[in-house]
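> Build me a model from this:
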Amino acid sequence: MAETQNSRLPIYAVIVTVVFKLLFLLTHYIQEDAFITWRVAQNLLDYGVIGFNGDTKISASTPHLYVFVSYIFNLIFGKEYFIEPLLIFNSILFTIGTLFLSHLLLKNPWQKVIFIFLIGIVPPAIKISILGMEYGILFFLEMSLLYYGFNKGKKWVLILLPILIMFTRIDTVIFLGIVFLVDVFWNKKIRWNYVFGGILGVLSTVAFNWFYFGEIVNNTITAKKLLYEQQSTFAQNVDYFLVSFGNFWGMLKVPGNFNPITIIVLIFELLCFIYLIRQREKRNYFLWMIFIFGWTKQIIFLSQKSLFDWYYWVPQLLLFVPVLIFVLEQKEKRNLWLSLLVVFYIAPMLAFQTIHAIATGNGEWNYRRTIGIFLNQYEKDKKQWILLEPAGYVPYFSGLKTIDEVGLVDKQIQEEIKKDKTNYWINTVKNRKPKYLLSYQNLYESKNADYYQTHYKLLKEFRVKDHLKSDNKILEKIYNLKPSGTDYNLYIRVD
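Numbers count the residues shown, from 1 in each chain. Below is the predicted model:
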């Protein structure tokens with residue numbers, strides 16, 4: 001009886017961890033890109049087309065599977081009420097993923113309990129759970145593949161899950177490839193079911209892109225590469241890698257080019273990993289998978305100058321796993337080790353993430369969202385166009401047709417970038433004459449000021465400083481400690 005109750009403890013830990021993280025929903029810290037996915041889902045609901053602007057097909061959102069999941073939640077709960085249920089769903093799936101991971105790496109139920117809770121409250125885990133991105137589902141699928149496919153030997157899992165994983169994000173080919181290589185090296189044989197599943201995953205994703213959108217690679221990838229790609233010398237690439245390394249490899253960003261916290265954490269992660277794999281246990285098979293994947297994905301994405309935080313959330317988390325296991329399995333002074341880890345690492349990280357979530361949630365939900373709400377009330381004709389960047393909050397809450405600077409949601413601007421990258425913004429304005437322009441700059445003081453002064457009127461200024469006040473003095477101090485957002489000028493066409 002007692003053994004049965006103990007075996008249920010990790011399940012209870014999942015419930016407690018999910019409930020604890022519900023508090024972060026109060027911050028309204030939701031990633032900008034989540035609203036791109038949700039608008040695509042609602043476009044599918046309204047027009048029957050996967051797109052962003054009505055009946056025009058475009059892969060404006062990278063995670064196809066998450067678009068369909070968001071579509072279902074919109075269908076069930078309605079456009080006004082689907083967000084919270086979807087965020088809770090993401091958090092539950094992610095935390096179940098940590099449960100599967102604990103089963104792979106630990107035996108003691110109480111160790112699993114502590115593992116699930118502590119791994120669930122570090123910054124990447126909180127962001128995966130509440131920011132509205134696809135990584136909760138993705139982490140669940142990846143850990144399900146390891147647990148049921150490679151641990152339990154379920155053949156149908158080895159075929160089906162690679163398809164779903166690839167359909168969530170195409171860059172998961174890195175994860176699937178690392179798992180394949182470690183498995184072959186470890187077991188000295190090839191799991192053909194898994195190979196078949198991987199091939200089906202690639203073919204189904206590419207086929208869907210080709211037959212539905214007429215492209216092999218998602219438009220989001222093509223657009224970012226087109227705008228951001230630039231030639232650099234080897235020395236510049238190395239310097240860029242080292243600068244980015246400090247902020248993306250570890251869990252904590254700090255201003256400047258050097259982050260000593262990242263170096264300390266990295267060294268400790270490596271030492272803990274080496275200590276664990278020297279024990280020659282069966283779980284080393286999975287430790288090698290997650291650790292090599294963490295290193296490989298971060299190196300690839302840093303070398304490609306990928307600056308978006310979410311690419312690094314899962315690797316950051318998995319690289320921290322050996323540290324937690326090392327501490328939990330100490331035979332002497334375990335409580336001291338655990339206390340030191342919590343007091344000097346996890347608690348400060350949790351405090352930092354809480355402050356960051358409150359401040360950023362204010363900057364996004366209480367500030368940037370109000371721009372979209374203003375436009376929604378001001379402009380009743382939803383067929384009018386706006387040119388802006390980024391394409392998340394403002395288009396979602398305004399309902400206007402959108403041209404974004406990068407070309408994620410509108411392919412036509414990519415042609416302007418190809419023709420004249422330096423002047424593509426003004427050329428787009430002249431050729432397409434959007435009714436609204438939302439810019440970080442004062443366009444009346446720009447190089448093309450004469451054109452803007454002739455054809456556009458400043459409609460409203462939006463300033464971050466106007467959204468740093470609160471009746472709650474603690475919140476106001478946090479808002480001012482870390483102001484989040486960008487000042488905008490909104491222009492309307494006069495002719």
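> I'd like the next helix or strand past the helix or strand hosting Ile178.
Element membership of Ile178, judged by DSSP states H and E, is helix 173-187. Sequence order places helix 192-208 as the next helix or strand after helix 173-187, per DSSP H and E.
> what's the angle between that following helix and helix 173-187?
170 degrees (axes from the mean of the first three to the mean of the last three C-alpha atoms, to 10 degrees).
> for helix 192-208, packing partners?
Other helices and strands packing on helix 192-208, by 3 or more C-beta pairs under 8 Å, 6 or more residues apart in numbering; DSSP states H and E, are helix 155-168, helix 173-187. In this view, the C-beta of every residue, glycine as well, is placed from N, C-alpha and C.
> Buried deepest among those, which one?
helix 155-168 (a mean of 21; mean count of other C-beta atoms under 10 Å).
> what are the C-alpha coordinates of stretch 150-167, in PDB please?
Output of stretch 150-167 as PDB, limited to C-alpha atoms (Å, rounded to 0.1, in the frame of the first residue of the first chain):
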ATOM      1  CA  PHE A 150      13.200   4.200 -26.400                       C
ATOM      2  CA  ASN A 151      12.600   3.100 -22.800                       C
ATOM      3  CA  LYS A 152       9.400   1.100 -23.100                       C
ATOM      4  CA  GLY A 153      10.000   0.000 -26.700                       C
ATOM      5  CA  LYS A 154       6.600   1.000 -28.100                       C
ATOM      6  CA  LYS A 155       7.100   0.600 -31.900                       C
ATOM      7  CA  TRP A 156       4.000   2.800 -32.800                       C
ATOM      8  CA  VAL A 157       5.500   5.600 -30.800                       C
ATOM      9  CA  LEU A 158       8.800   5.400 -32.700                       C
ATOM     10  CA  ILE A 159       6.800   5.900 -35.900                       C
ATOM     11  CA  LEU A 160       4.100   8.400 -34.900                       C
ATOM     12  CA  LEU A 161       5.900  10.800 -32.600                       C
ATOM     13  CA  PRO A 162       8.700  11.800 -35.000                       C
ATOM     14  CA  ILE A 163       5.900  12.900 -37.400                       C
ATOM     15  CA  LEU A 164       4.200  15.000 -34.800                       C
ATOM     16  CA  ILE A 165       7.500  16.500 -33.500                       C
ATOM     17  CA  MET A 166       8.600  17.500 -37.000                       C
ATOM     18  CA  PHE A 167       5.200  18.900 -37.700                       C
END
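> ok, Gly120 - contacts?
17, 20-21, 94-95, 98, 129 (C-beta atoms under 8 Å, 6 or more residues apart in numbering).
> Look up how far Leu324 lies from it.
Per C-beta to C-beta, to the nearest Å, Gly120 is found 11 Å from Leu324.
> next one: Lys107
15 Å.
> Those two: who's more crowded?
Leu324 (22 against 11; other C-beta atoms under 10 Å).
> Neighbours of Gly485, how many?
Counted with other C-beta under 10 Å, Gly485 comes out at 20.
> Leu227 now?
By other C-beta under 10 Å, the residues close to Leu227 number 17.
> try Gln330
12.
> Quick one: find the helix or strand in this structure with the lowest mean pLDDT.
Ranked by mean pLDDT, DSSP states H and E, the helix or strand of the chain with the weakest confidence is helix 234-248, at a mean of 66.
> Could you list the low-confidence segments of this protein?
Within the chain, the stretches with pLDDT under 70 are 1-5, 230-232, 234, 236-237, 240-250, 252-259.
> Show me what the longest helix seen in the chain is packed up against.
Looking across the chain with DSSP state H, the single longest helix is helix 83-105. Identification of packing neighbours for helix 83-105 by 3+ C-beta pairs under 8 Å, 6+ apart yields helix 2-21, helix 64-77, helix 109-120, helix 123-130, helix 135-144, helix 284-303, helix 313-328.
> Of those, which stretch is the most buried?
helix 123-130 (a mean of 26).
> one step back: which one of the helices and strands packed on helix 192-208 lies closest to Phe196?
Distance to Phe196, taken as C-beta to C-beta, is lowest for helix 155-168 among the helices and strands packed on helix 192-208, at 5.9 Å.
> so Met426 is in which element?
Rather than Met, residue 426 is Ile. Per DSSP H and E: helix 424-432 holds Ile426.
> If you drop the residues flanking it in sequence, what lies closest to Leu141?
Ile165 (5.0 Å; C-beta to C-beta, 6 or more residues apart in numbering).
> tell me the SS of Pro348?
helix (DSSP: H, G, I helix; E, B strand; the rest coil).
> separation between it and Ala391?
Counting by C-beta to C-beta - Pro348 and Ala391 are separated by 35 Å.
> same question, Lys421
Distance, Lys421 to Ala391, by C-beta to C-beta: 19 Å.
> higher neighbour count, the two?
Higher neighbour count among Lys421 and Ala391: Ala391, with 25 against 12, using other C-beta under 10 Å.
> The more buried one - that's part of a strand, no?
No - under three-state DSSP, Ala391 sits outside any strand and is assigned coil.
> quick one: Ile413 and Glu405 touch, right?
Yes - look at Ile413 against Glu405 with C-beta atoms under 8 Å: they come within range, at 7.3 Å.
> okay, the two: which has more neighbours?
Between Ile413 and Glu405, counted using other C-beta under 10 Å, the more crowded position is Ile413 (25 against 19).
> Let me see the contact set for that one.
403-405, 407, 424, 428.
> could the contacts of Gly120 go into a markdown table alongside distance to Lys297?
A markdown table is the format used below for the contacts of Gly120 (distance: C-beta to C-beta, whole Å):
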| residue | distance to Lys297 |
| --- | --- |
| Thr17 | 25 |
| Phe20 | 28 |
| Lys21 | 24 |
| Phe94 | 17 |
| Thr95 | 22 |
| Thr98 | 18 |
| Ser129 | 20 |
